[in-house]
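Q: sequence first, then the predicted structure:
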Amino acid sequence: MFKAFLRDESGASAAEYALILALVGAGIALAAGFLGTEVQTALSGAGGEIETANTNNGW
């Protein structure tokens, strides 16, 4: 089956485009989830530093 798929030189079908779209969408979702966590961690750290600076300056 896989060899036949590799030998097939006809154009891509809608099912193949759907598979590619699903893989790309899954990759984007994973990247967005990872980046969202990283951004949240960075902003929390920055907020903590600002709070510490304000506390140390008597604010």
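A: Now that the structure is in, tell me what you want to look at. Numbering: from 1, shown residues only.

Q: let me see the ranges of the strands in the chain.
A: Shown for the chain, no strands are assigned by DSSP state E.

Q: low-confidence ranges in it?
A: Counting by pLDDT under 70, the ranges of the chain that qualify are 8-11, 58-59.

Q: tally of neighbours for residue 50?
A: When neighbours are counted by other C-beta atoms under 10 Å, residue 50 registers 10. In this view, the C-beta of every residue, glycine as well, is placed from N, C-alpha and C.

Q: and what of the one 3 residues further on?
A: Residue 53 is flanked by 10 other residues according to other C-beta under 10 Å.

Q: for residue 18, give its distance to residue 4.
A: Separation of residue 18 from residue 4 (C-beta to C-beta, to the nearest Å) stands at 20 Å.

Q: more neighbours: those two, which one.
A: Taking other C-beta under 10 Å, residue 18 and residue 4 do not tie; residue 18 has more neighbours (10 against 7).

Q: mind listing what that one touches?
A: With contact set as C-beta atoms under 8 Å, 6 or more residues apart in numbering, residue 18 has no partners.

Q: tell me how far residue 36 lies from residue 28.
A: Counting by C-beta to C-beta, the gap from residue 36 to residue 28 is 12 Å.

Q: try residue 15
A: Per C-beta to C-beta, residue 15 is found 20 Å from residue 28.
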